[in-house]
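A.B. asks: Build me a model from this:
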Amino acid sequence: MTLKIKVCGITNKKELEKIQKLDVDYMGFINVERSKRYISIEKLEDLQKSLNDKDKSVLVIEPENPYEAISKANTTKIRHLQLHSLTCPDVRYILWASQYYCNIKSLDITKVVGLVSNEKISPQKQKEIEHNALFASNILFDYKKDGLTGGTGSKIPLKTVIKACEIVKNKHSNTNVTLSGGLDYDYLSEIKDNLHNFDCIDINSGVEDSPGHKNIKKIKEIVKLIKE
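C.D. replies: So this is what the prediction gives:
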């Protein structure tokens, strides 16, 4: 299976129109206020008007509760949700409640799990990974700093994230795994022989000139590296 590519943190229409012409699989829009790439729901809805394939949209949120997640899915009509918060029971509730209270069929949940620079995965972290793998259709591993995931630009040690990926696949082989955390062309070239461990890569800060402003040339280089 070809490794999928997600470009996250898109903030403006000009770059969106260029990115969607490339061979990328998903485009992420961050509605998390602490992020430097935050966009409001209103702006997101405006950007969606320029998107040819709306099923490529991923709504990145950090909701306080499951009801907020369902509400934002209903408002934006985006079925791919990337959650930087909530527990496994919350995710399970979203999937159950969406059958009755969500106007989107087949809601797709990506649960973000934070990893740190320590190459060892604790038993507690292993349980967290295993529990999330049972309910989310995709686990995104990102670097965790000060208890938060996303926006750090830091890379997870390769051995650590490969081990985490193995935990997911051993628990539920159909659950996809996304690699994130400061990915750029040089690093992806360096670890290319190990990318078969993952189903998708999430590129963001590593293809920017400044937060929220993508360098299209850098994205093209990564697309060529991965797809060709």
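A.B. asks: Thought residue 27 was touching residue 16, still the case?
C.D. replies: Yes - here residue 16 reaches residue 27: they are 7.0 Å apart, a contact under C-beta atoms under 8 Å. From N, CA and C alone the C-beta is placed, and that goes for glycine too.
A.B. asks: and for those two, which residues touch both?
C.D. replies: 10, 51 (C-beta atoms under 8 Å, 6 or more residues apart in numbering).
A.B. asks: helix/strand/coil for residue 224?
C.D. replies: Secondary structure of residue 224, reduced to three states by DSSP: H, G, I helix; E, B strand; the rest coil: helix.
A.B. asks: number of nearby residues for it?
C.D. replies: Look at residue 224: counted by other C-beta atoms under 10 Å, it has 12 neighbours.
A.B. asks: Would you check how far apart it and residue 17 are?
C.D. replies: Residue 224 is 20 Å from residue 17, where distance means C-beta to C-beta, to the nearest Å.
A.B. asks: swap in residue 133?
C.D. replies: The gap separating residue 133 from residue 17 is 36 Å, by C-beta to C-beta.
A.B. asks: Give the residue from these two that has the larger number of neighbours.
C.D. replies: residue 133 (25 against 13).
A.B. asks: how far out from the middle of the chain is the helix or strand of the chain with the lowest mean pLDDT?
C.D. replies: Ranked by mean pLDDT, DSSP states H and E, the weakest helix or strand in the chain is strand 148-149, scoring a mean of 84. Counting by C-alpha atoms, centre = their mean, to the nearest Å, strand 148-149 is centred 13 Å from the centre of its parent chain.
A.B. asks: Contacts for whichever helix or strand comes after that strand, please.
C.D. replies: Next helix or strand after strand 148-149 toward the C-terminus (DSSP states H and E): helix 158-171. The list of residues contacting helix 158-171 from outside it, by C-beta under 8 Å, 6+ apart, reads 113, 115, 117-121, 126, 129-130, 133-134, 139, 141, 175, 177, 179, 191, 194, 197-198.
A.B. asks: Quick check on the residue of the chain most remote from its centre: phi, psi?
C.D. replies: Largest separation from the mean C-alpha position in the chain: residue 100, at 25.6 Å (C-alpha atoms, centre = their mean). Residue 100 has phi and psi values of phi -120, psi -30 when expressed as degrees, to the nearest 10.
A.B. asks: More neighbours: residue 16 and residue 27, which one.
C.D. replies: The neighbour comparison of residue 16 against residue 27 (other C-beta under 10 Å) goes to residue 27, with 22 against 19.
A.B. asks: For the more buried one, give me phi and psi.
C.D. replies: phi -130, psi 120.
A.B. asks: what pLDDT does it get?
C.D. replies: Note for residue 27: predicted pLDDT of 98.
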